[in-house]
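In: please find the sequence and the predicted model below.
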Amino acid sequence: MTWLMWSPFVANVILAAAGPRLARTLPPRAAVRLVPLAMLAVALGVGFVLAVLGVFVVAQFPPIAVLAHWSPAALRADQPVPALAGVAGTVILLVLLGAALLRAARGGSDLVRAAVACRRLGPDADGLVVIDDDEPEAYAVPGLAGRIVVSTGMLNALGTDERHVLLAHEAAHLAGHHHVYIQLADLGAAANPLLRGTARSVRLAVERAADEAAAAEVGDRRLVARALARAGLAKAVARRRRQPQTRVVLAGADTSIMQRTTALLAPAPRPRRGLVAGLLLLTLVSVVGTGVTAHQTDDRLDRAATGATVAAGH
């Protein structure tokens with residue numbers, strides 16, 4: 001098979017190495033949309049090539065070869081890698097496939113629970129639900145309508161303008177369907193463990209995308225940074241109160257908050273057309289490599305069937 005068969009593996013190595021940096025460097029909105037799709041394309045491409053390697057091993061078993069009218073000798077002659085490598089590829093594929101199916105089932109269950117939670121929260125005005133709780137909490141619950149849940153503890157920790165920032169941030173999560181992209185990134189990482197670091201960076205990009213949306217709505221990046229820092233401080237104080245035996249650095253308890261605050265104190269992200277083009281090219285190479293591998297595999301199986309027919313004629 002041509003080198004294109006191995007292009008998903010090359011794309012996998014590149015994305016595993018550069019994915020976290022890409023997710024941090026790209027404009028957050030672009031990172032949220034493009035990086036998970038690239039992860040899925042690469043994971044599917046690698047999985048497909050592993051499946052092809054397994055097919056050439058399994059197809060040589062006499063019962064299967066007879067049933068499919070393939071020539072085992074022709075398959076062995078056309079086999080792209082040694083049989084041992086094909087067996088190893090099959091085992092790896094089954095393990096990764098099982099992990100991906102479990103993650104997909106867990107993701108589907110999470111979405112169902114979120115939809116049920118939205119229904120139980122009721123039809124509150126503008127999707128906002130305020131709960132009477134001293135713990136400072138704020139989060140978006142995805143669903144057909146979606147809900148923004150904020151505790152009185154969080155509202156009391158913020159000023160009026162900062163509350164506006166908080167609501168704009170959570171509303172951006174719902175409007176951008178960020179939960180879907182997180183699920184896709186986690187699915188890609190489950191199917192390809194080398195991409196776990198990239199999946200973690202997608203979660204940070206999701207938060208940064210919501211920060212940028214809030215900054216665009218209120219028109220003040222410093223206000224958003226201040227609201228983020230104050231919300232993080234309130235959570236750290238509450239955590240210290242619950243667990244007084246643990247040491248907590250209040251303002252910097254969450255590394256991601258520091259990164260997000262730093263980004264907000266800098267100018268708005270500028271377009272990164274070169275990086276976007278590179279990520280799209282990486283995705284395209286993996287997709288094309290998968291397609292070429294599928295076509296060549298079909299040709300090889302056809303030749304194996306022709307070899308079986310010729311052998312039968314003799």
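Out: Here it is on my side, so go on. Numbers count the residues shown, from 1 in each chain.
In: how about low-confidence regions in the protein?
Out: For the chain, the stretches flagged by pLDDT under 70 are 1-2, 122-126, 243-255, 307-314.
In: now the strands for it?
Out: Using DSSP state E, the strands of the chain run over 128-131, 138-141, 147-151.
In: what packs against the last one?
Out: Pointing back at strand 147-151 there. Judged by 3 or more C-beta pairs under 8 Å, 6 or more residues apart in numbering; DSSP states H and E, the packing partners of strand 147-151 are helix 83-121, strand 128-131, strand 138-141, helix 160-175. Quick note: C-beta positions are derived from backbone N, CA and C, even for glycine.
In: nearest to Leu281, out of these?
Out: Among the helices and strands packed on strand 147-151, the nearest to Leu281 by C-beta to C-beta is helix 83-121 (24.6 Å).
In: and the helices and strands packed on strand 147-151 as CSV, adding distance to Ala215 and mean neighbour count?
Out: CSV is the format used below for the helices and strands packed on strand 147-151 (distance: least, C-beta to C-beta, whole Å; neighbours: other C-beta atoms under 10 Å):
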stretch, distance to Ala215, mean neighbour count
helix 83-121, 26, 15
strand 128-131, 20, 14
strand 138-141, 17, 20
helix 160-175, 8, 19
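In: got these as CSV, with distance to Arg203 columns?
Out: Below are the helices and strands packed on strand 147-151 laid out as CSV (distance: least, C-beta to C-beta, whole Å):
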stretch, distance to Arg203
helix 83-121, 14
strand 128-131, 23
strand 138-141, 14
helix 160-175, 12
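In: state the distance from the closest residue to Leu195 other than its chain neighbours to Arg103.
Out: Closest residue to Leu195 in three dimensions, ignoring its sequence neighbours and counting by C-beta to C-beta, 6 or more residues apart in numbering: Ala189, at 4.7 Å. Here Ala189 is placed at a distance of 8 Å from Arg103 (C-beta to C-beta, to the nearest Å).
In: could you do Arg163 as well?
Out: Taken as C-beta to C-beta, the span from Arg163 to Arg103 is 36 Å.
In: Thr306 too?
Out: According to C-beta to C-beta, Thr306 and Arg103 sit 41 Å apart.
In: contact partners for the residue nearest in space to the middle of the chain?
Out: In the chain, the centroid-proximal residue (C-alpha atoms, centre = their mean) is Ala185; its distance is 0.6 Å. For Ala185, the contacting residues are 35-36, 39, 198-199, 202-203, by C-beta atoms under 8 Å, 6 or more residues apart in numbering.
In: rerun at 7 Å
Out: When contacts are counted by C-beta atoms under 7 Å, 6 or more residues apart in numbering, Ala185 touches 35-36, 39, 199, 202.
In: just Ser7 next, same as before
Out: Per C-beta under 7 Å, 6+ apart, neighbours of Ser7: 285-286, 289.
In: let's go with 10 Å and repeat that
Out: By C-beta atoms under 10 Å, 6 or more residues apart in numbering, the contact list for Ser7 reads 42, 45, 49, 282, 284-290, 292-293.
In: equivalent analysis for Val141, please.
Out: Contacts of Val141 (C-beta under 10 Å, 6+ apart): 113-118, 120-121, 127, 129, 147-149, 170, 173-174, 179.
In: distance of the closest residue to it other than its chain neighbours relative to Ala38?
Out: Nearest residue to Val141, sequence neighbours excluded (C-beta to C-beta, 6+ apart): Arg147, at 4.4 Å. According to C-beta to C-beta, Arg147 stands 31 Å off from Ala38.
In: what of Arg221?
Out: The gap separating Arg221 from Ala38 is 28 Å, by C-beta to C-beta.
In: more neighbours, those two?
Out: Taking other C-beta atoms under 10 Å, Arg221 and Ala38 do not tie; Ala38 has more neighbours (25 against 19).
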